Every structure is written in C-alpha cells, then in structure tokens.
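Chemist: The following comprises the amino acid sequence and a computationally predicted model.
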Amino acid sequence: MYTSPWLIRHSVPARPFRLYCFSYAGGNAATYRPWAATLDDYIELTAVQLPGRAERFGEAPISSLPTLLLELARELKRDASVPFAFFGHSVGALIAFELARHCHMNRLPTPQHLFLSGTTAPQYRDASRGLHKMDDDGLISVLKDYNGTPPEILKHRELMELVLPTIRADFALSENYIYDPSPLLDIPLTVLAGKQDDYSSLTQVEAWKETTTNTCQVQWFDGDHFFIQSEQEAVIKLINSRLRDSK
C-alpha cells in the first residue's frame, strides 16, 4: 500500500473501499480518527494531512487552491487502488469538490460519492470577508464565533501564534476561490448542513444540486457550523447508509 505524509490511515488492515476525509480550516487528520470505530467494516478511513499541521508542522502551509489540487491529485493517483469517496467539512468540502472536478477533467480516478459538509454551493458563496488578512486579534475573535476551537486554546497566545499561519492559509484557499461552472460532475452528492449554522442559508445549501448531473441529497442536522462534532453519530450513520446504497 502506498504511504505518504499526505494520507493518514485510521483503519487497518486495508479494506475494499476507502473514504478520504478533508478537514476544516486549521484542522488536521486527527479530526477524523474517532470515526474509524463506527464506520462500516468494509470502509478504510484515510484522512488528508495538509502541510503546516501535526507531523507536517515544519512545512509551509499551502494557500493556493490550484497548487494544492495538483499535489493532492498526484497523491491520489498513486493511492487510489480501490473504489473511494470524499468527505469534506467547511473549506475541506470545497477542496474535496474541486479535487473531484480536477480528477474528472484530467481523467484520473474519481470518487464514487461526494460528501459536502458545512459549506455553501460554490455559485452562491458569500463575498470574501478578508479573514486571511486580519491581524491576530481579529482572526482569533472570528474563530470564537465559529465555535470550533476550544476556548482554552484560543486564550493560549503562544500556541495561537503557532497555528494562525496555517489557519490563514486555509482561509485564503477559500476566500481567493473563483468558481468556474463547467464542467458539471456526474457523481452522487450528499450535502450536510447545520440548522443553526449562521454561515449558510437554505438557498446556498440546496444549490449544490446544480453542480452535478447525478443525484444530490441534502441532510440537515441540529447544531451550528461544527455540527459534525455534536452530531457525530448521526453524521457517520448517514455516511454508512449512503455508501451501502451506492455499492
């Protein structure tokens, strides 16, 4: 099996289907480690580890989405020995979506299913708030509003100074993104959204249906932008169900 610093296996041994997971801004592959215990036995959980975090902390984070897609497509081409799906949350969903399109356009292996969580359809994205250009105090204040970083971490100034460059790079991936409506995917989509998420509306979420010629199902969960933490059991139950249906 191909090994790479980009790909962290949370399930062993190798299994006949692989789920690649992409984290939110500032997140890392460990975010998805708890999922391995409750995903169906045939699913191998592989989390994507971007530069600038965890064991790759010494590497410069990537702030250009086109550059990141080229790197990820190269890794995926080497690794995709079994059928697979993508799951991404927030900026991770945007990465997963554009990586699937990149693979389609370049005749590379493509996911059999695409799970897009906690983000709006690309054609209805809000205008950039310039988060990646904010000073440290401003960015920390925004992270408090997102409710995804523990308060004790946000108060730890030395630690935040270490991780903020990576968070800025992740926000830059999203805020500098320009959507090109062609080509449409031909992959079934499952869109996950939080009912109390202030960063997406019904229209913005439902519009994902316009990005594929295949099916698109939208599932709403109780919770805010980080409902995948509070509703983890229900999220994994949905993933298991969708992937069983697609087998």
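Modeler: Looks like it came in fine.
Chemist: going forward, measure contacts and count neighbours with C-alpha atoms only.
Modeler: OK.
Chemist: need the next SSE after the worst-scoring helix or strand of the chain on mean pLDDT, C-terminal direction.
Modeler: When each helix and strand of the chain is scored by mean pLDDT, DSSP states H and E, helix 151-154 comes last, with a mean of 70. As assigned by DSSP states H and E, the chain's next helix or strand after helix 151-154 is helix 157-175.
Chemist: how far is that next one from where the chain is centred?
Modeler: 16 Å (Cα atoms, centre = their mean, to the nearest Å).
Chemist: same question, stretch 181-191
Modeler: With Cα atoms, centre = their mean, you get 16 Å for stretch 181-191.
Chemist: can you tell me the average pLDDT over it?
Modeler: For stretch 181-191, mean pLDDT rounds to 93.
Chemist: Export only the CA atoms of it, formatted as PDB.
Modeler: Backbone C-alpha positions of stretch 181-191 (Å, rounded to 0.1, in the frame of the first residue of the first chain) are rendered in PDB as follows:
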ATOM      1  CA  PRO A 181     -19.400  26.400 -13.500                       C
ATOM      2  CA  SER A 182     -18.100  23.900 -16.100                       C
ATOM      3  CA  PRO A 183     -17.900  21.000 -16.200                       C
ATOM      4  CA  LEU A 184     -20.600  19.500 -14.100                       C
ATOM      5  CA  LEU A 185     -19.900  16.500 -12.100                       C
ATOM      6  CA  ASP A 186     -21.600  13.100 -12.700                       C
ATOM      7  CA  ILE A 187     -21.200  11.900  -9.100                       C
ATOM      8  CA  PRO A 188     -23.900  11.500  -6.500                       C
ATOM      9  CA  LEU A 189     -23.600  14.200  -3.800                       C
ATOM     10  CA  THR A 190     -24.700  14.200  -0.200                       C
ATOM     11  CA  VAL A 191     -24.800  17.600   1.400                       C
END
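Chemist: Could you give the backbone dihedrals for residue 7?
Modeler: The phi/psi pair for residue 7 (degrees, to the nearest 10) reads phi -120, psi 120.
Chemist: Show me the beta-bridge partners of it.
Modeler: residue 4, residue 48 (DSSP bridges).
Chemist: do you know how far it is from residue 175?
Modeler: As defined by Cα to Cα, to the nearest Å, residue 7 lies at a distance of 25 Å from residue 175.
Chemist: Of all the residues in the helix or strand that residue 137 is a member of, which ones are buried?
Modeler: If you go by DSSP H and E, residue 137 is part of helix 136-146. By neighbour count on 16 or more other Cα atoms under 10 Å, the buried set for helix 136-146 is 136, 139, 140, 143.
Chemist: Please tell me how far the second one sits from residue 225.
Modeler: The span separating residue 139 from residue 225 equals 17 Å under the rule Cα to Cα.
Chemist: Residues contacting the least confident helix or strand of the chain, please?
Modeler: For helix 151-154, contacts defined as Cα atoms under 8 Å, 6 or more residues apart in numbering pick out 140, 144, 159, 160.
Chemist: Check those and tell me the two furthest apart.
Modeler: The span of the contacts of helix 151-154, defined through Cα to Cα, is set by 144 and 159 at 15.2 Å.
Chemist: any chance of the contacts of helix 151-154 in JSON lines, with pLDDT too?
Modeler: Converted to JSON lines, these look like this (pLDDT from 0 to 100):
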{"residue": "140", "pLDDT": "71"}
{"residue": "144", "pLDDT": "74"}
{"residue": "159", "pLDDT": "75"}
{"residue": "160", "pLDDT": "74"}
